[in-house]
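Student: sequence first, predicted model second:
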Amino acid sequence: MKRERPDPVEKQIPAFDAIVMAGDRGSYRPVYGTHKALLEIAGRPVLSHVISALELCRYVSRIFVVGPREKIAEALALGAHSSAGPKEIVLVEQWNTVLDNAWNTFLRTLPGLDPQGTPFSEQDLRERWEDKAVLVLGSDMPLLTHDELDEFVEGCDLDRYDFLLGTTPKEALTPYEPQEGVPGIRFAHFCFKESRERQNNLNMVRFFRLINREYGQLMYHYRYQKQWINILTLMWRLLRMPEIRAGMILRFLLLHAARVADQREWTYLFRMLRGFLDKPRIERDISALLRTRFGTVVTSFGGAALDVDNEEHFEILRLNFHRWRSYQETIRGERARSGRARVEAVRRLSS
């Protein structure tokens with residue numbers, strides 16, 4: 001008689017607090033003169049779609065939304081969310097910068113008082129909560145799904161990294177690009193030796209281990225890297241940072257040169273340039289700059305990279321919403337069937 005073997009023990013992943021960045025101050029760019037996360041797609045505010053994905057994500061415990069509190073409260077009252085069971089949603093009034101919004105909202109996720117009722121100092125909080133990681137994401141991704149959130153969190157290796165950034169490969173975004181007779185979104189990618197990827201809007205962060213967190217505000221301010229004035233200004237600011245080395249600047253320039261060569265289909269130049277762009281090397285550059293352990297996590301559903309950047313993107317997302325959502329459901333179904341087949345194969349081999 002064959003002895004049954006127990007199923008392999010899956011890695012236990014804890015639940016995380018999520019911080020939704022919905023501020024509209026500083027260098028924020030409105031769409032149609034209003035907060036882009038409060039615009040409606042498929043009868044609901046864009047922010048409502050994001051909240052629904054978080055409510056269905058198995059790895060999210062509480063949801064903190066930072067931004068114009070009264071406007072967000074009104075918008076969420078209009079949008080129906082998932083039926084997966086209520087999760088605590090905390091609305092936090094915004095500060096003046098993205099960095100202040102992220103940092104101060106993170107502090108709101110921590111117990112703020114000691115047993116005697118005295119507020120903890122930052123050093124006290126660091127000693128108690130240095131290992132705490134939170135999921136930080138944008139508020140303007142109407143096609144974000146809980147499947148993609150699960151995929152991202154499951155890919156976060158918090159034993160090796162303290163700051164993980166989501167990226168989406170070019171292949172996963174191809175279905176969302178313009179097709180014959182159907183509008184889509186054209187994407188720019190970071191071109192590495194190994195892959196072409198686009199930064200998406202998912203982050204896992206241990207804030208107390210992100211030493212140079214103020215550099216994040218600088219990167220956000222000059223985030224529109226299609227504009228050469230932003231690229232050159234950012235490079236000038238980088239040159240003045242004590243952590244910068246010549247090789248970092250060279251790879252920064254090569255990244256943008258490879259992007260341009262890719263977009264203009266200069267095939268020979270593109271292949272030559274990307275040969276110098278080793279992704280792990282660039283991740284080490286960012287680790288040194290931010291003084292943390294930085295890495296990336298690839299997600300493949302595409303929704304986290306489809307944000308409302310401008311009026312044109314909003315209209316394309318609104319027009320294609322149901323078709324693209326159907327496509328995501330098809331991916332989900334195919335992977336579920338594939339996963340069940342793998343489990344059954346393992347059980348047969350183990351019996």
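Tutor: Alright, I've got the coordinates. Residues are numbered from 1 along each chain as shown.

Student: can you give me the strands in the stretch 1-150 of the chain?
Tutor: 16-21, 40-41, 44-45, 60-67, 89-93, 134-138 (DSSP state E, counting those that start in this stretch).

Student: could you redo those as a markdown table and give each row mean pLDDT?
Tutor: Converted to a markdown table, the strands of the stretch 1-150 of the chain look like this (pLDDT from 0 to 100):
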| stretch | mean pLDDT |
| --- | --- |
| strand 16-21 | 98 |
| strand 40-41 | 96 |
| strand 44-45 | 94 |
| strand 60-67 | 97 |
| strand 89-93 | 95 |
| strand 134-138 | 98 |
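
Student: TSV please, covering those strands and showing mean neighbour count.
Tutor: (Each C-beta comes from the backbone N, C-alpha and C, glycine too.) What follows is the strands of the stretch 1-150 of the chain, written out as TSV (neighbours: other C-beta atoms under 10 Å):
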stretch	mean neighbour count
strand 16-21	24
strand 40-41	16
strand 44-45	22
strand 60-67	22
strand 89-93	17
strand 134-138	23
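
Student: what's the closest of the ones you listed to I244?
Tutor: Among those, strand 134-138 comes nearest to I244, with 24.9 Å by C-beta to C-beta.

Student: who does the residue most central in space within the chain bridge with?
Tutor: The centre of the chain sits closest to L202, judged by C-alpha atoms, centre = their mean, with a distance of 1.2 Å. Listed by DSSP bridges, the beta-bridge partners for L202 are L137.

Student: residues touching it, list them.
Tutor: 135-137, 148-149, 152, 165-166, 297, 299, 304 (C-beta atoms under 8 Å, 6 or more residues apart in numbering).

Student: now the strands of the stretch 1-150 of the chain in TSV, with distance to A73?
Tutor: Below are those laid out as TSV (distance: least, C-beta to C-beta, whole Å):
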stretch	distance to A73
strand 16-21	13
strand 40-41	16
strand 44-45	11
strand 60-67	9
strand 89-93	6
strand 134-138	19
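
Student: and the helices in the stretch 151-300 of the chain, which stretches?
Tutor: Along the stretch 151-300 of the chain, counting by DSSP state H, counting those that start in this stretch, helices occupy 170-173, 214-221, 228-239, 246-263, 267-274, 279-290.

Student: now the fifth one against helix 246-263, angle please.
Tutor: Yep, that's helix 267-274 we're talking about. 150 degrees (axes from the mean of the first three to the mean of the last three C-alpha atoms, to 10 degrees).

Student: what is helix 267-274 packed up against?
Tutor: strand 190-191, helix 246-263 (3 or more C-beta pairs under 8 Å, 6 or more residues apart in numbering; DSSP states H and E).

Student: one more: the last one?
Tutor: Other helices and strands packing on helix 279-290, by 3+ C-beta pairs under 8 Å, 6+ apart, are helix 214-221, helix 246-263, strand 294-298.

Student: picking that back up, of the contacts of L202, buried ones?
Tutor: Buried residues within the contacts of L202, defined by neighbour count using 16 or more other C-beta atoms under 10 Å: 135-137, 148-149, 152, 165-166, 297, 299, 304.

Student: for the chain, which helix is longest?
Tutor: helix 311-350 (DSSP state H).

Student: quick one: buried residues of it?
Tutor: 313-314, 316-318, 320-321, 324-325, 327-328, 331.

Student: so which of the helices and strands packed on helix 267-274 is the most packed in?
Tutor: Among those, the stretch with the highest mean neighbour count (mean count of other C-beta atoms under 10 Å) is strand 190-191, at a mean of 24.

Student: average pLDDT for that one?
Tutor: Per-region confidence: strand 190-191 scores 92 on mean pLDDT.
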